[in-house]
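J.: need a 3D model of the sequence below.
(2 chains)
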2 protein chains.
Amino acid sequence: MYEGVVQDLIDELGRLPGVGPKSAQRIAFHLLQADRADVQRLSEVLAVVKDKVRFCDLCFNVSEDALCRICGDSRRSMSLICVVEEPKDIMAMERTREFRGRYHVLGGAISPIDGIGPDDLRITELMRRLGTEPIEEVIIATNPNLNGEATATYLSRLLAPLGMPVSRLASGLPVGGDLEYADEVTLGRAFEGRRLIGG
Amino acid sequence: MYEGVVQDLIDELGRLPGVGPKSAQRIAFHLLQADRADVQRLSEVLAVVKDKVRFCDLCFNVSEDALCRICGDSRRSMSLICVVEEPKDIMAMERTREFRGRYHVLGGAISPIDGIGPDDLRITELMRRLGTEPIEEVIIATNPNLNGEATATYLSRLLAPLGMPVSRLASGLPVGGDLEYADEVTLGRAFEGRRLIGG
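T.: Predicted coordinates for the structure are as follows:
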């Protein structure tokens, strides 16, 4: 529709999640009129992000080093581990300022419809950590939806033989939603009211 | 909140219009997991877009050359000129396939609240074109909202002494909306039913 590079830009922006064709066009024209320095900064950060960002060796949070900031922080408790689906869920938990332990990122949730089973998640890595780290309680903070609940149930059964307390964030989170969208107070309360589901 | 370059990426994405903090985070994590080649392409098109894209010397449409594709197309009528607010409105008009003349992009609309007056638009350039090009009718296709109507009224009064037909897209476009969002049929009908408001 547009000439050369303008259409290229609209096409590339339109590939981003949640950006439809109209939004892509609006963003493209915004960029065409924006300061050259702003556009350059966005271009540069995109150019380096894939090289600079890796996943934490321990918890699989996003990180620029072998260990993420949380795993590398000696003030964080080694005895509590909070299992989440994605790195963004760590940020949601951190905003509550309720939790002072460490995390483990599964990299998703069990979803039979999408063909995602336990083997596709970082569960082996979690079991290894439970064997080597002085962990005393596992808090499962998967999303309060169907896949998140299925994953929590699977994990609680898998961990049962270890005789370790396994808890799940309290309901109080709106069911059917995503953990990422909960406000800090709701999420903080859900954390305080977590209930034992195994161990 | 995040480490270094991940937060930089979220910040830069969050500066785009219509991209809130949650969307910026979602897009950033999508990019972290996307193919390196996809991210690279977006980075590269952003790097060149400001250098490659300019505005057409005649109509101020986006262009990679001195004249845009429409102004450089000898099959387009020289006698009709359609005045729009923004380059994206040209694309909306073109999708109707009803108009075979040329365009003039004002670069906005009169908006007293935003401090945008006639002097901030490319009206002098329009008047110059009316003096030098064999134009027989001016079609005003500003948005059917308050600012667009104010701009149309201003232009029709300014052009009245020229004794040239000046028309406005027919209502049929939902008032209060943006031209960009009209479907092709509605916009095509509005074009066919344009009414004289001067000349």
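J.: which residue ranges of chain A form helices?
T.: Assigned helices in chain A, in chain order: A:4-14, A:21-33, A:36-52, A:87-96, A:123-132, A:146-159, A:184-192 (criterion: DSSP state H).
J.: need the ones you listed in a markdown table with mean neighbour count, distance to chain B and mean pLDDT, can you?
T.: No exception for glycine: its C-beta is placed from N, CA and C like everyone else's. Putting the helices of chain A into a markdown table (neighbours: other CB atoms under 10 Å in any protein chain shown; distance: least, CB to the nearest CB, whole Å; pLDDT from 0 to 100) gives the following:
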| stretch | mean neighbour count | distance to chain B | mean pLDDT |
| --- | --- | --- | --- |
| helix A:4-14 | 20 | 4 | 89 |
| helix A:21-33 | 19 | 5 | 87 |
| helix A:36-52 | 17 | 4 | 88 |
| helix A:87-96 | 20 | 6 | 88 |
| helix A:123-132 | 14 | 18 | 95 |
| helix A:146-159 | 19 | 17 | 92 |
| helix A:184-192 | 17 | 13 | 76 |
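J.: export the ones you listed to TSV and tack on distance to residue B:146?
T.: Formatted as TSV, the helices of chain A follow (distance: least, CB to CB, whole Å):
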stretch	distance to residue B:146
helix A:4-14	28
helix A:21-33	20
helix A:36-52	30
helix A:87-96	40
helix A:123-132	58
helix A:146-159	47
helix A:184-192	39
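J.: which residue ranges make up the domains of chain A?
T.: A:4-52, A:75-167, A:169-199 (automatic domain parsing).
J.: so how far does stretch A:60-72 reach from one end to the other?
T.: 13 Å (CA to CA, to the nearest Å).
J.: contacting residues around it?
T.: Identification of contacts with stretch A:60-72 by CB atoms under 8 Å, 6 or more residues apart in numbering or on different chains yields A:52-59, A:76, A:87, A:90, A:94, A:102-105, A:107, A:122, A:125, B:2-6, B:29, B:32.
J.: how about it: buried residues?
T.: For stretch A:60-72, a neighbour-count test (16 or more other CB atoms under 10 Å in any protein chain shown) marks A:60-63, A:68, A:70-71 as buried.
J.: for the most centrally placed residue in chain A, what are its contacts?
T.: The centroid of chain A falls nearest to residue A:86 when counting by CA atoms, centre = their mean (1.9 Å). By CB under 8 Å, 6+ apart, the residues touching residue A:86 are A:105, A:107-108, A:180, B:29.
J.: looking at the residues you listed, state which has the most neighbours.
T.: For the contacts of residue A:86, the largest number of neighbours (other CB atoms under 10 Å in any protein chain shown) sits with residue A:105, at 26 neighbours.
J.: tell me the contacts of it?
T.: Taking CB under 8 Å, 6+ apart as the test, what residue A:105 contacts is A:55, A:59-61, A:84-87, A:89-90, A:122.
J.: distance to residue B:139 for those residues - can I get that in a markdown table?
T.: Compiled in a markdown table, the contacts of residue A:105 are given as follows (distance: CB to CB, whole Å):
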| residue | distance to residue B:139 |
| --- | --- |
| A:55 | 57 |
| A:59 | 62 |
| A:60 | 59 |
| A:61 | 57 |
| A:84 | 57 |
| A:85 | 54 |
| A:86 | 51 |
| A:87 | 53 |
| A:89 | 53 |
| A:90 | 56 |
| A:122 | 61 |
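J.: ok so, going back, which of the contacts of residue A:86 lies closest to residue A:163?
T.: Minimum distance to residue A:163 across the contacts of residue A:86 is 24.7 Å, recorded for residue A:105 (CB to CB).
J.: from chain B, how far out is that closest one?
T.: 11 Å (CB to the nearest CB, to the nearest Å).
J.: from residue A:82, how far off is that residue?
T.: 10 Å (CB to CB, to the nearest Å).
J.: swap in residue A:120?
T.: 20 Å.
J.: ok, the two, which is more surrounded?
T.: residue A:82 (23 against 15).
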